[in-house]
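J.: Any chance you can model this:
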Amino acid sequence: MIPLECLPAHLLSPSLEGSLITYSTTYTPPSSVVSSTTITLTATAGTLTKISTITVNPAPVASLDLTPSSVTLTAGQTQTFSANLQNSSATISYSLSPNIGTLSSSTGTSTTYTSPSSVASSTTVTLTATAGGISKTSSITVNPAAIPSLEISPTSATVIAGQTTATFTATLLNSSNAITWSISPNNGTLSALTGNQTTYTPPAGGTFEQSITLTAQSGSLIATAIITVKPAPSLDLTPSSASVIVGQSTATFNANLQNSS
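T.: Predicted coordinates:
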């Protein structure tokens, strides 16, 4: 008898050797699906059947956010914007419309916008971030810079030499510069040479009316007030003494009132 191990393999029965036949296939999902979809793959060999379940999910959707979405600036101010890109490796680029002001960077995840130093009127600039075919915008409103101003109150005053004083207040808007005070001609005194308030004291004497200009200055801003200094009222009586004889003579006196009605 010939030993079994000496027989050719093709003469062996399946129960003696067995067999394994492997086939393969590759499933390619569609380019897109609206929602999660289940596919059943069936393999059949004669009367044999096996199945595999394939779940096809929608591809992640790329998204782009740009923050802040809107901002209001005064001419010369800056604002940093940040872009957040998800499910995409595209480069983020930035542009302005109209092309007013500057950007610190034209690409990347953030950029800083610098508004122009001056604008004639309120202007809207659109910042656009683009990545691949996705775009997001932010609205930038650039307002003119507030104009500094200086005012004195009151703008005029009348004082009596040696008797009354006048207090003045300066109002400075849209500036942090110091306020200084001066008078011309330099006749009289001021209680303060700096600050937002001062009091003018006229000289003690004087026989005629005089005009004093009070000036408040802050940087290049100047405001003035006019102070009218009037002499103090006076009354003279002449003669200062007289002698009369009873029943024979009289005495006449003259009063002279000045600087008063």
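J.: going forward, measure contacts and count neighbours with C-alpha atoms only.
T.: Fine.
J.: In contact with the residue nearest to residue 204 when sequence neighbours are not counted, which residues?
T.: Leaving aside its chain neighbours, residue 204 sits nearest to residue 162 (3.6 Å; criterion: Cα to Cα, 6 or more residues apart in numbering). Applying Cα atoms under 8 Å, 6 or more residues apart in numbering, we find residue 162 in contact with 201-205, 232.
J.: do the same with residue 160
T.: Residue 160 sits in contact with 202, 229-232, where contact means Cα under 8 Å, 6+ apart.
J.: Pipe these into JSON lines and attach neighbour count per row.
T.: Listed next are those as JSON lines, based on neighbours: other Cα atoms under 10 Å:
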{"residue": "202", "neighbour count": "25"}
{"residue": "229", "neighbour count": "25"}
{"residue": "230", "neighbour count": "21"}
{"residue": "231", "neighbour count": "23"}
{"residue": "232", "neighbour count": "20"}
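J.: Which ones among those residues map onto strands?
T.: 229-230 (DSSP state E).
J.: Now stretch 107-115 - C-alpha only, CSV.
T.: Output of stretch 107-115 as CSV, limited to C-alpha atoms (Å, rounded to 0.1, in the frame of the first residue of the first chain):
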residue,chain,number,x,y,z
THR,A,107,-2.6,85.4,5.8
GLY,A,108,-2.8,83.3,9.0
THR,A,109,-5.2,82.8,11.8
SER,A,110,-5.2,86.4,12.9
THR,A,111,-4.6,89.9,11.7
THR,A,112,-4.6,93.4,13.1
TYR,A,113,-6.4,96.2,11.3
THR,A,114,-5.1,99.8,11.8
SER,A,115,-7.5,102.5,10.8
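J.: quick revisit: kindly indicate whether the residue nearest to residue 204 is helix, strand or coil.
T.: coil (DSSP: H, G, I helix; E, B strand; the rest coil).
J.: Show the pLDDT at residue 25.
T.: On pLDDT, residue 25 comes in at 92.
J.: give me every residue that touches it.
T.: No contacts exist for residue 25 under Cα under 8 Å, 6+ apart.
J.: in which helix or strand would I find it?
T.: Take DSSP states H and E as the rule and residue 25 turns out to sit in neither a helix nor a strand.
J.: cool, residue 111 as well?
T.: strand 110-114.
J.: Now do the buried residues in that strand.
T.: 110-111, 113-114 (16 or more other Cα atoms under 10 Å).
J.: Find out how far it is from the centre of the chain, if you would.
T.: 14 Å (Cα atoms, centre = their mean, to the nearest Å).
J.: Now stretch 135-151: buried residues?
T.: 135-145, 150-151.
J.: what sits up against that stretch?
T.: Against stretch 135-151 from outside (Cα under 8 Å, 6+ apart): 64-76, 115, 118-130, 170-175, 217-218, 221-223.
J.: Kind regards, and thank you for your time.
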